[in-house]
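# Fold the stuff below for me.
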Amino acid sequence: MDIEFNKNEDLNKQAVFELKTKLKKIYAGGGEKAAAKQRERGKMLARERVSYLIDKDKPWLEIGAFAADGMYAEQGGCPSAGVVCGLGYVSGRQCVVVANDATVKAGAWFPMTAKKNLRAQEIAMENRLPIIYLVDSAGVYLPMQDEIFPDKEHFGRIFRNNALMSSEGIVQISAIMGSCVAGGAYLPVMSDEAMIVDGTGSVFLAGSFLVKSAIGEDIDNETLGGATTHCEISGVTDYKHPNDAACLDSIKNIMSKLGAPQNAGFDRVKPLAPVKDEQEIYGLLPENREKPYDMRDIIQRLVDGSEFEEYKALYGQSILCGLARIDGWAVGIVANQRKVVKSKKGEMQFGGVIYSDSADKVARFIMNCNQKKIPLVFLQDVTGFMVGSRSEQGGIIKDGAKMVNAVANSVVPKFTIVVGNSYGAGNYAMCGKAYDPRLIYAWPSAKIAVMGGAQAAKTLLQIQESSLNAKGETITKEEEDELLKEITDRYNSQTTPYYAAARLWVDGIIDPMETRKVISMGIEAANQSPITKAFNVGVIQT
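Sure, this is the predicted structure:
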């Protein structure tokens, strides 16, 4: 191993350590004081409930752990958007679990809470997975109600999705384990089955204070909407349980009796570990996002047996395409090649840039995978499409459009891992969030933005200088350097994977060693949703 390898290894492992340190802080939710209050009432914490519910011998994949990270500072923060979501297994059945964290503002819904819940429902709907809601929420965070209440992707969309999933036979189970008020009361009632914990669970459209204010009735919350009321009088809930553990045991029992899901038919054989050491990824991946490296080296450490059957290996070399297996599942891989290569035409193709021939190759490969019913995996480290007169005259826009068209219209499930750069239209063409990947995760090395920090900062500086010049103002070289640094720092802070994960542009940030698990669990989920639509790229220029 050379010095460069060792340096990369140290830096990437440090980035993973920082990731895990940040996650530990997020897992603490609203802090120990808030947690103590929950325990005093005999309640488990949100993550304790999830841990008790899911199978211990099966993997758990959290979704949106960094949601709202660094946001809502004026409101005291909202770790993990106040809700725990993920893919797990209950009584052997893969499902989506959503658990409100009452230690974070009493489980109140912030704008990002709604976005995260909608993402969890989207995953359940796309893959026809059962979804379990562990409800413990004070409802909408009123100071921000205008950002969560009325729009298409706001709070009400949750209940619309409840209705659609019910009509499509996607199982929904709700457990009322704490507060469940106002509009939020519809979620458990619109689920297929609803249960409630006696003494701590309550559900009503308006709490006792609002009832007193609205109609003058004096009544306590337990009588108004507790377990006895809804299990013995209103019939709103189906099961009454003495405590959290009994409630969660009941969910396990129901899940153990579900009928088998349909099978989409994706091919799987006995899994094999990569022959080449996965741990070497840390040393192979440059810490400097501008440095070249061979993406084949990364692929060979992610795929079964390190076997990668490359498609059109000598054509369009700035993108690698090929067939492999990950944890036994057959996959088609589309990956940006970061090594500088020389084409047969004698042209130098620079790492991370998409050229016309590469775009054309990818479009054809995606068509092949759709014909063969092979899921697609995108490994992003892309700086964008090639620019300049030669590229424009060669039809880069046309060829890029063909690639984007194929990605958008693909009917096999797509999974995206942001390894490094994810800039501009390259993000779109390589199946960024806007192109409906079933799951999209980033490594700590990821950077997501319209363009790189240095280029963007210079462009923004030129705009600001032009604005000052228009006012008859000028700045000194020292002021210009200071302004450039300020712009660069601000822009770079917005390109980190943490900034992206906070806004759910990606489903999470993972240690590269978790990549195989993410893809395998994702394909297993997708395999429960048969493909019903034919692949058709529509009208494109040829």
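# Next, residue 133: secondary structure please.
strand (DSSP: H, G, I helix; E, B strand; the rest coil).
# Go ahead and confirm it touches residue 174.
Yes - taking contacts as Cβ atoms under 8 Å, residue 133 lies within contact range of residue 174: 4.5 Å. In short, each C-beta sits where N, CA and C put it, glycine included.
# what do the two both touch?
187, 188, 191 (Cβ atoms under 8 Å, 6 or more residues apart in numbering).
# so can I have JSON lines of these showing secondary structure and pLDDT?
Converted to JSON lines, the shared contacts of residue 133 and residue 174 look like this (DSSP: H, G, I helix; E, B strand; the rest coil; pLDDT from 0 to 100):
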{"residue": "187", "secondary structure": "helix", "pLDDT": "90"}
{"residue": "188", "secondary structure": "helix", "pLDDT": "90"}
{"residue": "191", "secondary structure": "coil", "pLDDT": "95"}
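# Residue 262: which of the residues you listed is nearest?
residue 191 (21.4 Å; Cβ to Cβ).
# Report the contact partners of that closest one.
The contact partners of residue 191, by Cβ under 8 Å, 6+ apart, come to 133, 162, 166, 172, 173, 174.
# Output the residues you listed as CSV; include the columns distance to residue 256, secondary structure and pLDDT.
Output for the contacts of residue 191, formatted as CSV (distance: Cβ to Cβ, whole Å; DSSP: H, G, I helix; E, B strand; the rest coil; pLDDT from 0 to 100):
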residue, distance to residue 256, secondary structure, pLDDT
133, 19, strand, 97
162, 23, helix, 95
166, 21, helix, 95
172, 17, strand, 98
173, 12, strand, 98
174, 18, strand, 97
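# Next, the buried residues of the longest helix that the chain contains.
The single longest helix within the chain, with elements called by DSSP state H, is helix 3-27. Residues of helix 3-27 classed as buried under the neighbour-count rule (16 or more other Cβ atoms under 10 Å) are 8, 9, 11, 12, 15, 16, 19, 22, 23, 27.
# now, among those residues, which is nearest to residue 297?
Looking across the buried residues of helix 3-27 and measuring by Cβ to Cβ, the closest to residue 297 is residue 8, at 11.7 Å.
# Surely residue 370 is within a strand?
No - Residue 370 is assigned helix when assessed by three-state DSSP, not a strand.
# of all the buried residues of helix 3-27, which comes closest to residue 356?
Among the buried residues of helix 3-27, residue 8 lies closest to residue 356 (Cβ to Cβ), at 31.8 Å.
# The spatially closest residue to the closest one that is not a sequence neighbour and residue 3, how far apart?
The shortest distance from residue 8 to any non-neighbouring residue, by Cβ to Cβ, 6 or more residues apart in numbering, is to residue 283 (5.0 Å). Separation of residue 283 from residue 3 (Cβ to Cβ, to the nearest Å) stands at 11 Å.
# Quick one: low-confidence residue ranges for the stretch 1-150 of the chain.
1 (pLDDT under 70).
# where along it do the helices fall?
Per DSSP state H, counting those that start in this stretch, the stretch 1-150 of the chain carries helices over the ranges 3-27, 32-40, 46-53, 111-127.
# now do the stretch 251-400 of the chain
Assigned by DSSP H, counting those that start in this stretch, the helices in the stretch 251-400 of the chain fall at 281-284, 295-299, 356-372, 389-393, 396-409.
# what number of residues lie near the closest residue to residue 241 other than its chain neighbours?
Closest residue to residue 241 apart from its sequence neighbours, by Cβ to Cβ, 6+ apart: residue 247 at 4.0 Å. By other Cβ atoms under 10 Å, 26 other residues sit near residue 247.
# Then residue 284?
20.
# List the residues that contact it.
Residues in contact with residue 284 (Cβ under 8 Å, 6+ apart) are 5, 8, 293, 297, 298, 301.
# give me every residue that touches the first one.
In other words, residue 5. By Cβ under 8 Å, 6+ apart, the residues touching residue 5 are 283, 284.
# quick one: it from residue 291, how far?
From residue 5 to residue 291 the distance is 12 Å (Cβ to Cβ).
# circling back to that earlier point, was I right about the residue nearest to residue 241 contacting residue 175?
Yes - applying Cβ under 8 Å, one finds residue 247 in contact with residue 175, separated by 5.1 Å.
# what touches both of these two?
Here residue 247 and residue 175 share the contacting residues 195, 196, 197, scored by Cβ under 8 Å, 6+ apart.
# The last one pairs with what?
It refers to residue 197. On the basis of DSSP bridges, residue 197 is bridged to residue 241.
# Verify the contact between residue 373 and residue 266 for me.
Yes - using Cβ under 8 Å, residue 373 is in contact with residue 266, at 6.7 Å.
# more neighbours, these two?
Remark: of residue 373 and residue 266, residue 266 carries more neighbours, 18 against 15, as counted by other Cβ under 10 Å.
# now that one: how far from residue 437?
Taking Cβ to Cβ as the measure, residue 266 falls 16 Å from residue 437.
# ranges for the helices of the stretch 401-542 of the chain?
For the stretch 401-542 of the chain, applying DSSP H, counting those that start in this stretch gives helices covering 424-429, 453-470, 477-493, 497-502, 515-526.
# ok so, going back, distance to residue 423 added to the contacts of residue 284, as a markdown table?
Shown next, in a markdown table, are the contacts of residue 284 (distance: Cβ to Cβ, whole Å):
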| residue | distance to residue 423 |
| --- | --- |
| 5 | 26 |
| 8 | 21 |
| 293 | 17 |
| 297 | 22 |
| 298 | 19 |
| 301 | 24 |
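# Tell me the one among the residues you listed nearest to residue 91.
For the contacts of residue 284, the residue nearest residue 91 by Cβ to Cβ is residue 301; the value is 34.2 Å.
# who are the neighbours in contact with the residue nearest to residue 265 when sequence neighbours are not counted?
In space, and not counting its chain neighbours, residue 265 is closest to residue 373: 6.2 Å by Cβ to Cβ, 6+ apart. Listed by Cβ under 8 Å, 6+ apart, the contact partners of residue 373 are 264, 265, 266, 267, 412, 531.
# For residue 373, what are phi and psi?
phi 60, psi 50 (degrees, to the nearest 10).
# Check residue 54 too.
Residue 54 has phi and psi values of phi -80, psi 160 when expressed as degrees, to the nearest 10.
# Not counting its neighbours along the chain, what's nearest residue 30?
The nearest residue in space to residue 30 (Cβ to Cβ, 6+ apart) is residue 103, at 3.4 Å.
# So the one you found is in contact with residue 41, correct?
No - applying Cβ under 8 Å, one finds residue 103 not in contact with residue 41, separated by 11.9 Å.
# Between these two, which is the more surrounded one?
Each of residue 103 and residue 41 has its neighbours counted (other Cβ under 10 Å); residue 103 has more, 24 against 10.
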